[in-house]
Each structure stands twice: as C-alpha cells, then as structure tokens.
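[1] here's a sequence, model it:
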Amino acid sequence: MGEQAGDRMDTAGQTLSTSIAGRLRAQITSGQIPPGSKLHLEELRATFGVSLSPLREALSRLTAEGFVVMEDQRGYRAMPISEKNLREVTKLRSEIEALALRESIRLGDDQWESELVASQYRLNKLEKAKPAADGLIEWETAHRDLHQRLLSACGLPLLLQFCATLHDLSDRYRRLFLETRPLDRDVSQEHADIVAATLERREDEACQLLRMHIERTGNNVLVALMQKQPD
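    Numbering: from 1, shown residues only. A predicted model of the protein is given here:
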C-alpha cells in the first residue's frame, strides 16, 4: 500500500510539473515572458500555487528543451534571443522535420491523408477570413496542427517530440519578429504545395518544399532580428 501511495504521489508531482512547464513554455513562446527575463522562483510559486519542487522540475525540463537558461546554479532566465540560436533552430528544424515527413509519406494511411486534408482546410478557412489580432491564437493553433499532421504518421515518438520542441522554439522567434509584419511570400500556397506533394507521395519534392518553407521563414525572422539589434 505504501509503495502504491508513493507511486501515486510521484505521478501527481510529474503531472503538476508537466502542467507548469507547458504554461511557462507557452508564455515564453508567445513573448508574454520576454527573452532574457529573470524567472523569480517565489513569484512563480505564488502564481502557480505550488511548492518549489515541481516548479524546479518544470524549469529544469524547460532548460533541457532550450526555453530557459540556468545561471550559476542559482537562478533562471527565459532564453535570450540571438542570431546564432535562430540559425541553429532553423537548421535543425528543417532537417528533422524533413526526416519525419519522409517517414510519414512512407507509412501514412488513408486516415492520415484525410486528417491532413482536413487540417489544411481549417487553416485555409482561417487565412481567407483574415483574422484580426484576437483571432491569431486560433490561426496559430491551426498552423501548428497542419505541421504536426504532416509528420504524425512517421511512427517515431521521440522524433515527433523533438520536432514539437523545435517548432515551438522557431515559433517564438516568428511571433516576436514577424507577427506585425506582412510576409513577402504566399505562405498559404507553400502549405498547399507541401500537402499536395505529400499526398501524391513525392517524397523528395515534399521534403525539399518543407525545408524551403522553414528556411524562408527563418531567413525573414533573421532579417527582422538583425534590424532590431543595436548598432
């Protein structure tokens, strides 16, 4: 009985730390917690209404994922932005997502194809509606779903987890630097071309289109980032 109770407590603690990590990750990704901001443990503990143990576990997880940086084993900050970090995230994401897409094309079944088409339809519908600022959250959700759906049939859970982390790290930069700027390209058409090549099982073309899509966004963000940097 004691061991079972201990197991339940461990599971509850892990669930709590996972929830805290998710909320903090969303705040960092959206820019609600600005890059480089100090993360005060006591303030966070009061905000989430938790003890320090699950909070430290959540921050350690976010440190491993690249959203938080630990300073001298004493404090935490939201990961600062930098040209070097952006280039790394973009390169990794373009390669890793292409690998996952290739496996999805190889293994995906009719249900996966149907879900992919439905995901693209939802995103197109939102884009045609030209959502205002308060509708961007819905667009972000649909956009993320399309990218996840493309990769979802790969059958490699660890790879998908890594892809999700890289997508969030990339989205952080995109939201910080491109949300208020009109894009210089037809992103909707890029998505359509990727989906079409994927459904027609043209692996090399689909993977190349996905790489180009990710790299174009990364380059646009890089230009905006460099323009923001002080001389």
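
[2] neighbours of Arg56, how many?
    Arg56 has 16 neighbours, counted by other CB atoms under 10 Å. Just so you know, the C-beta spots here come from the backbone N, C-alpha and C atoms, and that holds for glycine as well.

[3] what score does it have for pLDDT?
    With respect to pLDDT, Arg56 scores 91.

[4] also Arg61?
    Looking at Arg61, the pLDDT reads 94.

[5] and it, what does it touch?
    Shown in contact with Arg61 (CB atoms under 8 Å, 6 or more residues apart in numbering): 17-18, 21.

[6] among those residues, which lie within helices?
    17-18, 21 (DSSP state H).

[7] quick revisit: could I get the contacts of Arg61 as JSON lines with neighbour count?
    Output for these, formatted as JSON lines (neighbours: other CB atoms under 10 Å):
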{"residue": "Ser17", "neighbour count": "20"}
{"residue": "Thr18", "neighbour count": "14"}
{"residue": "Ala21", "neighbour count": "21"}
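
[8] which among the residues you listed gets closest to Arg211?
    Nearest to Arg211 out of those is Ala21 (CB to CB; 29.3 Å).

[9] skipping its backbone neighbours, what lies nearest the closest one in space?
    Ala58 (4.0 Å; CB to CB, 6 or more residues apart in numbering).

[10] how distant is the helix or strand containing that neighbour from the center of its chain?
    For Ala58, the host element (DSSP states H and E) is helix 52-65. Helix 52-65 sits 18 Å away from the centroid of its parent chain (CA atoms, centre = their mean, to the nearest Å).

[11] which parts of the following helix or strand past that helix count as buried, going by neighbours?
    Sequence-wise, the next helix or strand downstream of helix 52-65 (DSSP H and E) is strand 68-71. Going by neighbour count (16 or more other CB atoms under 10 Å), the buried part of strand 68-71 is Val68.

[12] just checking, what packs against strand 68-71?
    Here strand 68-71 touches helix 52-65, strand 75-78, going by 3 or more CB pairs under 8 Å, 6 or more residues apart in numbering; DSSP states H and E.

[13] average pLDDT for whichever helix or strand comes after the last one?
    Spelled out, that is strand 75-78. Next in sequence after strand 75-78, counting helices and strands by DSSP H and E, comes helix 83-107. Taken as a whole, helix 83-107 carries a mean pLDDT of 97.

[14] tell me which helix or strand comes right after helix 83-107.
    helix 110-128.

[15] with only the CA atoms kept, save that next one in CSV.
    C-alpha atoms of helix 110-128 as CSV (Å, rounded to 0.1, in the frame of the first residue of the first chain):
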residue,chain,number,x,y,z
ASP,A,110,-5.9,6.8,-45.7
GLN,A,111,-6.9,8.1,-42.3
TRP,A,112,-3.7,10.2,-42.1
GLU,A,113,-4.4,11.6,-45.5
SER,A,114,-7.9,12.5,-44.6
GLU,A,115,-6.7,14.2,-41.4
LEU,A,116,-4.1,16.1,-43.3
VAL,A,117,-6.6,17.4,-45.8
ALA,A,118,-9.0,18.4,-43.0
SER,A,119,-6.2,20.3,-41.2
GLN,A,120,-5.2,22.2,-44.4
TYR,A,121,-8.9,23.1,-45.0
ARG,A,122,-9.2,24.5,-41.5
LEU,A,123,-6.1,26.6,-41.9
ASN,A,124,-7.1,27.9,-45.3
LYS,A,125,-10.5,28.9,-44.0
LEU,A,126,-8.9,30.9,-41.3
GLU,A,127,-6.5,32.6,-43.6
LYS,A,128,-9.3,33.6,-46.0
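
[16] that one packs against which elements?
    helix 136-151, helix 187-199.
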